[in-house]
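*Asks:* Let me see the structure of the following:
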Amino acid sequence: RDRFGVKPLYYTIDNGILYFSSEISPLVSISSSLTKNLTFFNNFIKHTATDYDRTTQFNEILQVEKGSFVSFKQKKKEVVKWYKEDDFKFDRSIFSNKERTINYYEELLTDAIKLRLRADVPVCLTLSGGLDSATIYTLLKEKIKKEVKVFSFHNNEEEISETAKISRLTKEYGDYPCFITANPNDTLKDLEKDLNSLEFPIWGLSSRAYNEIYQQIKNSNFKVIIEGHGADEFLGGYPFMIDSAISDYLKELK
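*Replies:* Residues are numbered from 1 along each chain as shown. Now for the predicted structure:
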């Protein structure tokens, strides 16, 4: 599996035969018996945790962990960690200086965005009110000078809508986002489709929003999307994440 576990890789052994897949569904269909992994569901309900180790919803179906491979020899299984996180070295003394840290991070992120802009077709961007996508958008406009079509989700509930924030940011650069609004005719069957696509529980109805956005992007003939996922959680992109971190540290008397 790749270094950071971006792409899934599942496997199971059934009647002495090894099966592997990038999705769980095919493995479910060929398995002769499956039992629910209650620990997995418990961790999801308590912590919304998924994809944190080799386990899945089923005891008999496992996943290869990030940066690892599984070797099968004469009925013996060996899990090998191939990625040692040693392919990227830098001078960590920069962290003692705030300005150097900020400049280094900005240069690194800008370079990462440039790599992902390599495409022979037009590129679009999904933009929310969070830190991750807003940072990518700003660097695209100011450092890379790249024109991209912006797609955003409009939420009808004012208290959680980020439309005004998105419009204010894009207006500074002369862009007009394509806002997608939730389909009022969505039903439980649509939610069931999302669950089948995602193959793991969801903690809210955001899957509907993603589905609507990606469908509109496809209908607009875009094949390449640049997005920010995970940075909000990692860097505290929303105030409640900072509050939660402070709370955890206080409980630990740090």
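*Asks:* CA only for contacts and neighbour counts going forward, please
*Replies:* OK.
*Asks:* so what does the host helix or strand of Glu106 touch, helix or strand wise?
*Replies:* Using DSSP states H and E, Glu106 sits in helix 98-116. If you count contacts as 3 or more CA pairs under 8 Å, 6 or more residues apart in numbering; DSSP states H and E, helix 98-116 packs onto helix 131-139.
*Asks:* Next, the angle from the helix it packs on to helix 98-116.
*Replies:* 80 degrees (axes from the mean of the first three to the mean of the last three CA atoms, to 10 degrees).
*Asks:* Just the mean pLDDT for whichever helix or strand comes after helix 131-139, thanks.
*Replies:* For helix 131-139, the following helix or strand on the C-terminal side (DSSP H and E) is strand 149-154. Averaged over strand 149-154, pLDDT sits at 93.
*Asks:* For Ser247, grab the count of nearby residues.
*Replies:* Ser247 has 12 neighbours, counted by other CA atoms under 10 Å.
*Asks:* would it count as being in a helix?
*Replies:* Yes. Counting by DSSP: H, G, I helix; E, B strand; the rest coil, Ser247 is found in a helix.
*Asks:* ok, so what distance separates Ala134 from Phe222?
*Replies:* Distance of Ala134 to Phe222, given as CA to CA, to the nearest Å: 20 Å.
*Asks:* more neighbours, these two?
*Replies:* Ala134 (20 against 15).
*Asks:* Show me the contact partners of the helix holding Glu106.
*Replies:* 94-95, 136, 139-140, 143-144, 226 (CA atoms under 8 Å, 6 or more residues apart in numbering).
*Asks:* Could you list every helix and strand in contact with whichever helix or strand comes after it?
*Replies:* Downstream of helix 98-116, the next assigned helix or strand under DSSP H and E is strand 123-126. If contacts are counted by 3+ CA pairs under 8 Å, 6+ apart, strand 123-126 sits against strand 149-154, strand 224-226.
*Asks:* In terms of secondary structure, what does the last one contact?
*Replies:* By that I understand strand 224-226. Looks like strand 224-226 contacts strand 123-126 (3+ CA pairs under 8 Å, 6+ apart).
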